[in-house]
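>>> The following block contains a protein sequence and its predicted model.
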Amino acid sequence: SAVISQKPSRDICQRGTSLTIQCQVDSQVTMMFWYRQQPGQSLTLIATANQGSEATYESGFVIDKFPISRPNLTFSTLTVSNMSPEDSSIYLCSGVEGISFGYTFGSGTRLTVV
Amino acid sequence: GQQLNQSPQSMFIQEGEDVSMNCTSSSIFNTWLWYKQDPGEGPVLLIALYKAGELTSNGRLTAQFGITRKDSFLNISASIPSDVGIYFCAGQLGNKLTFGTGTQLKVEL
C-alpha cells in the first residue's frame, strides 16, 4: 500500500497566523482526503482533495478557513487559516489507491495554537 | 458529521485475554474497516470487510460485517502488550469513511 508522509509533524503557532501542511504519497492515489482529530476524539473528514480543481468540503468546513490544493496525484496541501486555539488538533492526510479502498493515513500533524 | 457508536469506550484487560468490541450505525455501509492508532501515529488498517455477513481473520484478529450492514465487531484473541492502542471502526459509503468513536485498549501484564 502507499506510504504517506506529512510535514510538519508538529507545530506551535500563534493565533491569527496560518499554517500549511504538506502531504506526499509515494505512489499515485486516486483520491486524497484531509481529516481532523481533536484531542481524545475520533477522526472527522474535512474535505476531499480533488486533483486540479477545488476541494469538496464536508458540512462545517469551508474553503476560506481550510484551503486545499492538489496539483497532482501524489501531493496535496491543507492550510489552516487565521488560527485560533480551537484549531488545535491533529490533521491527517489519507489516500486510497484504485478501488481497493485500502485507505492509508499519514502520521498526522499535531497543531497547537497559542 | 455522523459518527458510528463504538463500544466499549475503553477496556482494561489482562494479557492473554480475548477482547471484543463492536460498532453500530443507523445507516448502512458498503464496507466496514477496522483501524488501530498508536500514540503520535495515524490509523493503520487492520481488517477490511466487503460483504454483509463476511467473517475475516488477520492473525489473532477476527472481524465480521453485520448482516444488516449497520454493524460490525472485532475480536482480538490472546491479547499481548503491543495490542495497546485505540481501535476505530469505519464505515464506507461511496468514497467516504465515517469513523467510530473509538475503543481504547489497555493491557495489564
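Alright, I've got the coordinates.

>>> Sketch out the low-pLDDT regions of chain B for me.
The model of chain B has pLDDT under 70 over residues B:1-2.

>>> Can you show me the strands along it?
B:5-7, B:10-14, B:19-24, B:31-37, B:44-49, B:55-58, B:61-65, B:71-76, B:85-93, B:96-99, B:103-108 (DSSP state E).

>>> Out of these, which gets nearest to chain A?
strand B:96-99 (4.5 Å; Cβ to the nearest Cβ). Just so you know, the C-beta spots here come from the backbone N, C-alpha and C atoms, and that holds for glycine as well.

>>> Can you find the residue of chain B that comes nearest to chain A?
Closest point on chain B to chain A, by Cβ to the nearest Cβ, is residue B:42, at 3.4 Å.

>>> coming back round to it: with distance to residue A:62 and mean neighbour count as added columns, please give the strands of chain B in CSV.
Formatted as CSV, those follow (distance: least, Cβ to Cβ, whole Å; neighbours: other Cβ atoms under 10 Å in any protein chain shown):
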stretch, distance to residue A:62, mean neighbour count
strand B:5-7, 28, 16
strand B:10-14, 34, 13
strand B:19-24, 30, 20
strand B:31-37, 27, 23
strand B:44-49, 30, 19
strand B:55-58, 39, 13
strand B:61-65, 35, 21
strand B:71-76, 32, 22
strand B:85-93, 23, 22
strand B:96-99, 18, 21
strand B:103-108, 32, 17
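
>>> Between those strands, which one is closest to residue A:26.
strand B:44-49 (16.1 Å; Cβ to Cβ).

>>> Just give me the residue closest to the centre of chain A.
residue A:34 (3.4 Å; Cα atoms, centre = their mean).

>>> Within range of chain A, give me the residues from chain B.
Contacts of chain B with chain A, taken as Cβ under 8 Å from any Cβ of the partner chain, map to B:1, B:3, B:31, B:33, B:35, B:40-45, B:48, B:88, B:90, B:92, B:95-102.

>>> Which residues are in contact with residue A:64?
residue A:81 (Cβ atoms under 8 Å, 6 or more residues apart in numbering or on different chains).

>>> Next one: it from chain B, what distance?
Remark: distance between residue A:64 and chain B (Cβ to the nearest Cβ, to the nearest Å) = 19 Å.

>>> For the residue nearest to the centre of chain A, give the beta-bridge partners.
Residues in a beta bridge with residue A:34, per DSSP bridges, are residue A:47, residue A:93.

>>> Next: residue B:86.
Here residue B:86, judged by DSSP bridges, has bridge partners residue B:37, residue B:104.

>>> Look up how far residue A:68 lies from it.
Relative to residue A:68, residue B:86 is positioned 26 Å away (Cβ to Cβ, to the nearest Å).

>>> show me what contacts the residue nearest to the centre of chain A?
With Cβ under 8 Å, 6+ apart, residue A:34 has these contacts: A:23, A:45-47, A:49, A:55, A:66, A:68, A:76, A:78, A:91-94.
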